[in-house]
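Student: Return a 3D structure for these sequence lines:
(chains A and B)
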Amino acid sequence: MGYQQDPKVKPAGLSGEVSLPAALADVELVQAVRTPAAIDYIATPGASLSAYLRGMKQKKILGDVCPVTGQVFCPPRGVSPVSGQRTTEMVEVADQGYVESFNVTRLPIKSRPDLKPPYVSAWVVPDGSSTGSIALVAGIEPEEVRMGMRVKAVWKPDDELEESAANILHWEPTGEPDVVLEDLRVIGNPDGTAGGAQ
Amino acid sequence: MSKQRAAVIGVGQTKYASTRGDVSMAGLVREAAYRALEMAEKTWAEIDAVVIGKAPDFFEGVMMPEVYLAEALGCVGKPILRVHTAGSVGGSTACVATSLVQAGIHGTVLTLGFEKQSESNAMWALSLPSPFTTSINAGAGGYFSPIIRRYMAFSGAPELIGCMVALKDRQHALNNPYAHVRDKELTFDKVVESQMLWDPIRYSETCPSSDGACAMVLASEDVAEAHDGAVAWVHGTAMRSEANNYGGRNVVSPKASEDCAADVFAQAGITNPRKDIDAVEMYVPFSWYEPMWLESLGFAEVGEGWKMVESGATKFEGGDLPVNCSGGVLSSNPIGASGMIRFAEAALQVMGEAGDHQVDGAKKAFGHAYGGGAQYYAMWVVGSEKN
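Tutor: Numbers count the residues shown, from 1 in each chain, chains lettered A, B, ... in the order given. Alright, predicted model coming up:
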C-alpha cells in the first residue's frame, strides 16, 4: 500500500542519462531563468473614468449609476458589475464616508516608499456610493481605527490638484458617531440609496 | 445532458520547496507528469491531450509557457490548452480536463498545474499599480485582511483560532514528504508570536512561496476499469465566478462560493457534507479561511466554523472531518499548482494512496480552490466507488 514515493528520488523515466547532440556537449544545463518583466502602458481612461478624473481636479468625486439596480459605483468603470449593463448616468458622491473594514500593514511596500509601516488601508465607502475602494486612512493611531468609523477626504492643496485619484492624500476621522454595520459579512449597499449617511 | 464517467488513475507531485534550483521549469513539470504516468501505468503515447494551468505569465515573466512546455509534456502534435482563473487555476484546470473525458472527446487526459515562484515575485506581481488609481495594497494579505477582520467580528471567534489552524496544517505537513514547510520545532506560541504582517494576519498564518508542480491522469470509464491500480471516481465538478466589488456583497461567504458548493454536492448526491465527506482538501492560504470556508461550503453552521477548529474536528488525528491532511496551502504554495494539489490529494485519499496522511477508509473526498478577490471557485467530489 501507498503509492507515495520518496520525493527526493527521481521518477524512473527521468533517472537515465540525458544524451545531447554533440553541438550541445559543453553547454551548461539551464536550471533557472529569472526574467524581470516590466510593462509600459499607454492607457485611455474611457468616458466614465475621464469624467471622474476631471471631477477630481474640482475636488468632486463622481460615480456611475447601474441602470438596472440603481447601485452607484465609485470609482466608475462605465459598466455595472451587478447587471453587466453599460452605465449612462453619473452622480457626485460625498467626500465623506465610512470605513467598512481595514488592514494594518506592518511591512513596507515597494510601490509606495513614502508609506511608513504601520499604516492603515481601509475600504472607504463615500456617502452616496454603493461600494467602497481601498484607501489610506491616517490622522489616527492604527489601534484606534474602527469598522464603521466616519471619515472625510484630505485633499492636496488647491494649486496642486491634477486630473488624478492621487488628489486625495488620505482619509481622516470626522469625529462623528460610528455607522452601525448591520450585517458584518456584507459590504456596501445593495440598493441605490446613499451609503452610510445617517 | 448526460455525462460519461471520469476517474483519476494517476497522481504525480514534485517535492515542493522555496527554490527547486535543480530543475528548469520544463524539468519541474516533467517530474510531476512522469510520476502521474508511472502511477497510471501509462506512456506518453497513450495521452490524448494535455490541459495545463498556472498563475498569470507576469509571475515568472515567461509569456505563454505552455507553448514551450509542450515537448516536456510529451505533447507535440497533440491538443494542449491552458486554463486561467487566478489562484483557483489548479482546480479549474482539473475541471476542464475532466470535462474533456466526461464529454467523450478524449479517453486519457494529462492535467498539470505548476509555479516556479523562485523565478518570480508573486507578492508584487499581485500588487501591480493599475492606471489612474492609487496603489497602497501590499499583496494578497492586504486584500484579505479586512475580510478576515469582518469574519472575526461577525462570528465572535476567539482571537487565536487562526493560529490553531496554522499550527494544525504545519503539523499535518510533517506526514507529507512532498510538503514545503516541514518545521518540527513549530509550537503554538511561536505561531502566536510571529510577526504581524497584515494585521490581523501573522507571518505564520500565511502561505509560503513555493516551486512545484502537480499532475493527474484522468481517464474514461473504460480506461479506468482496465487500470490495475487505484482509481478515484469523479462524482461532480463545479466552477463559479463573481465580481469582487458591488453593494451588498457577502465578502465573508461570497455567493459564488455557496452556489458552487451547492452545485457540486448536488451532483455527488451529498446532502450532509460534514457526515458524507471523509476528507477535505480546502484552499486556505491564510489560516482564518478554514473556518470561513467551513461555513460557506456547508460543513458548519454560519458563524460556527471556528468551533470545529477549536474542538479539533478538522485535525487528521481524532477529527471527524479532517481538513488539509497534506498540510494544505499553508505548507506548500506553488500558486498555479495549489488548487490541483487540493484536487489530487482528495483523489489520493479515496484511492487509499495518501501514505502517512491517509484518512482510514476514506470513501468520499472534497477538493476546493478559490482565486482572485475570492471571485473564482473550483470544486470536486471524488469517491472510491462509482457514483
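Student: What are the boundaries of the helices in chain A?
Tutor: Under the criterion DSSP state H, helices of chain A are mapped to A:12-15, A:46-57.
Student: what's the closest of those to residue B:18?
Tutor: Across the helices of chain A, residue B:18 has its closest neighbour in helix A:12-15 (21.7 Å, CB to CB). Just so you know, the C-beta spots here come from the backbone N, C-alpha and C atoms, and that holds for glycine as well.
Student: Let me see the mean pLDDT of the closest one.
Tutor: Mean per-residue pLDDT for helix A:12-15: 80.
Student: Need the residues that contact that helix.
Tutor: A:9, B:30-31, B:34, B:37-38 (CB atoms under 8 Å, 6 or more residues apart in numbering or on different chains).
Student: who wins for neighbours among these?
Tutor: Among the contacts of helix A:12-15, residue B:31 has the most neighbours (other CB atoms under 10 Å in any protein chain shown), with 27 neighbours.
Student: these two touch, right, it and residue A:7?
Tutor: No: counting by CB atoms under 8 Å, residue B:31 does not reach residue A:7; the two are 9.3 Å apart.
Student: joint contacts of these two?
Tutor: Common contact partners of residue B:31 and residue A:7 (CB under 8 Å, 6+ apart): residue B:14.
Student: in the chain, which residue is closest to the centre?
Tutor: I went with chain A, as the question did not name one. residue A:134 (4.8 Å; CA atoms, centre = their mean).
Student: Please refer instead to chain B.
Tutor: Centre-most residue of chain B, counting by CA atoms, centre = their mean: residue B:339, 2.5 Å.
Student: Which residues are in contact with that residue?
Tutor: B:53, B:87-94, B:113, B:283, B:369, B:371, B:378.
Student: And residue A:156, by the same measure?
Tutor: Per CB under 8 Å, 6+ apart, neighbours of residue A:156: A:166-169.
Student: cool, residue B:192 as well?
Tutor: B:160, B:163, B:202.
Student: Wait, a helix at it?
Tutor: Yes: assessed with DSSP: H, G, I helix; E, B strand; the rest coil, residue B:192 lies in a helix.
Student: and it, what pLDDT?
Tutor: 98.
Student: cool, residue A:193 as well?
Tutor: For residue A:193, the model assigns a pLDDT of 53.
Student: what's the weakest-modelled helix or strand in the chain?
Tutor: In the absence of a named chain, chain A is used. Here the helix or strand of chain A ranked lowest by mean pLDDT, DSSP states H and E is helix A:12-15, holding a mean of 80.
Student: wrong chain, I was asking about chain B
Tutor: helix B:122-125 (a mean of 71).
Student: still on that earlier bit, so which of the contacts of residue B:192 comes closest to residue B:3?
Tutor: Distances from residue B:3 to the contacts of residue B:192, taken by CB to CB, are shortest for residue B:163, at 42.4 Å.
Student: my read: residue B:13 touches residue B:343, true?
Tutor: No: using CB under 8 Å as the test, residue B:13 is too far from residue B:343 to be in contact (11.7 Å).
Student: how about the helices of the stretch 251-387 of chain B, start to end?
Tutor: Using DSSP state H, counting those that start in this stretch, the helices found in the stretch 251-387 of chain B span residues B:255-267, B:273-276, B:289-296, B:305-311, B:335-351.
Student: Check those helices for me and report the most buried one.
Tutor: With neighbours defined as mean count of other CB atoms under 10 Å in any protein chain shown, the helices of the stretch 251-387 of chain B peak in mean count at helix B:335-351, which reaches a mean of 31.
Student: Contacts only, for residue A:119.
Tutor: A:104-105, A:136, A:138, A:142, B:136.
Student: Restricted to strands, list the residues you listed.
Tutor: Within these, membership in strands is found for A:104-105, A:136, as judged by DSSP state E.
Student: neighbour-wise, which of the residues you listed leads?
Tutor: Scoring the ones in strands among the contacts of residue A:119 on neighbours with other CB under 10 Å, the highest-scoring entry is residue A:105 at 27 neighbours.
Student: low pLDDT regions in the chain?
Tutor: You didn't pick a chain, so chain A it is. Scanning chain A with the threshold set as pLDDT under 70 gives A:1-4, A:192-198.
Student: nope, chain B please
Tutor: B:1, B:123-124, B:127-129, B:137-138.
Student: Nearest spatial neighbour of the residue of chain B most remote from its centre, chain-adjacent residues omitted?
Tutor: Within chain B, residue B:132 marks the point farthest from the mean C-alpha position, 33.9 Å out by CA atoms, centre = their mean. The shortest distance from residue B:132 to any non-neighbouring residue, by CB to CB, 6 or more residues apart in numbering or on different chains, is to residue A:45 (5.4 Å).
Student: In contact with the one you found, which residues?
Tutor: A:52-53, B:131-132.
Student: What's the PyMOL line that selects buried ones from those residues?
Tutor: In PyMOL, a selection of the buried entries from the contacts of residue A:45 looks like this (16 or more other CB atoms under 10 Å in any protein chain shown):
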select buried, (chain A and resi 52+53) or (chain B and resi 132)
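Student: how about the contacts of residue A:45 in CSV, adding distance to residue A:17?
Tutor: Putting the contacts of residue A:45 into CSV (distance: CB to CB, whole Å) gives the following:
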residue, distance to residue A:17
A:52, 63
A:53, 62
B:131, 52
B:132, 56
